[in-house]
Every structure is written in C-alpha cells, then in structure tokens.
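Engineer: here's my sequence, what's the structure:
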Amino acid sequence: MAVPTSIYQTSTGQYNEETELAPSHMAAATGDMPTYQIRAPTAALPQGVVMAASPGSLHSPQQLAEEATRKRELRLMKNREAAKECRRRKKEYVKCLESRVAVLEVQNKKLIEELETLKDICSPKTDY
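Structural biologist: Numbers count the residues shown, from 1 in each chain. This next block holds a predicted model:
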C-alpha cells in the first residue's frame, strides 16, 4: 500500500513522492522506503512561474557576473574588517611592548645605581 506524501511538478511532468508501507511485523526491521512515480502533467504551468533548479545550473552570464561581483565585494569587506582587526591588535601589542620597555628601563637604571653603591661599599678607598 502506498500513501502520497507530497507532489512535485515540473515542466516535463508531475512527480509524486510516495512512501511504501511495509506490513506491521516488517516495518520495524525495514523502515519506510520512498518510491517515486512519474505522471503526465495535468496542466501547463502558469505564465511567470519560475522553476526551482540547483544553484548554478540555469544562470545567465549577467547573473554569474553579478554573483561574482557580490562575492568579491563580500570578500573585500571581510578582508577590510580582518585588516582593521589586525591593525588594532598590532597597536595593542606595540603599546604593550613600549610599556614593557619603560618598566625595564626603570629597572635597569635602579640596578645600575645599586651596582654603583655596592662597588663603593666593597672597594677599598685609598686617600693619598
């Protein structure tokens, strides 16, 4: 026994998707299996109806050019955002390095002063 679940209509014919039902004792083992039946079109499609197709299969050269332009603009926009973020991170990194340099310079100056003090304490003074 077959129960129609949905109908697809194209310019070449009407496709009727049906689900084949197995007997109850075999349904758990086999599950539902889809089957397809082709029927002649019942009526011509109304004017202005656009048939759905897989992407890229029925594109005109103008549509392909527009799609390429849209993709390029999207890529450029993403690239600009990535470059902006990269510049921001670089500035942050440089500020961090400058701060570290300032701290190390102060530390170096203190160590040099401490070294001079220790040299004065340890070295024997000679007065002539």
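Engineer: look up how far Leu115 lies from Glu98.
Structural biologist: Distance of Glu98 to Leu115, computed by C-beta to C-beta, to the nearest Å: 26 Å. Bear in mind the C-beta positions are built from the backbone N, C-alpha and C, glycine included.
Engineer: now Lys95
Structural biologist: 30 Å.
Engineer: ditto for Lys125
Structural biologist: Counting by C-beta to C-beta, the separation of Lys125 from Leu115 is 17 Å.
Engineer: who has more neighbours, those two?
Structural biologist: Just comparing Lys125 and Leu115: by other C-beta atoms under 10 Å the higher neighbour count belongs to Leu115, 10 against 5.
Engineer: and that one, which helix or strand is it part of?
Structural biologist: Assessed by DSSP states H and E, Leu115 sits inside helix 61-122.
Engineer: ok, Glu67 - contacts?
Structural biologist: The contact partners of Glu67, by C-beta atoms under 8 Å, 6 or more residues apart in numbering, come to His59.
Engineer: give me the pLDDT value at it.
Structural biologist: Glu67 carries a pLDDT score of 95 in this model.
Engineer: return the distance of it relative to Asn79.
Structural biologist: Distance, Glu67 to Asn79, using C-beta to C-beta: 18 Å.
Engineer: what does Glu114 give?
Structural biologist: In terms of C-beta to C-beta, Glu114 sits 52 Å off from Asn79.
Engineer: what's the answer for Asp120, then?
Structural biologist: From Asp120 across to Asn79, the span is 61 Å (C-beta to C-beta).
Engineer: pLDDT on stretch 108-125, on average?
Structural biologist: The model assigns stretch 108-125 a mean pLDDT of 92.
Engineer: for that stretch, buried residues please.
Structural biologist: Neighbour-count burial for stretch 108-125 flags no residue at all (criterion: 16 or more other C-beta atoms under 10 Å).
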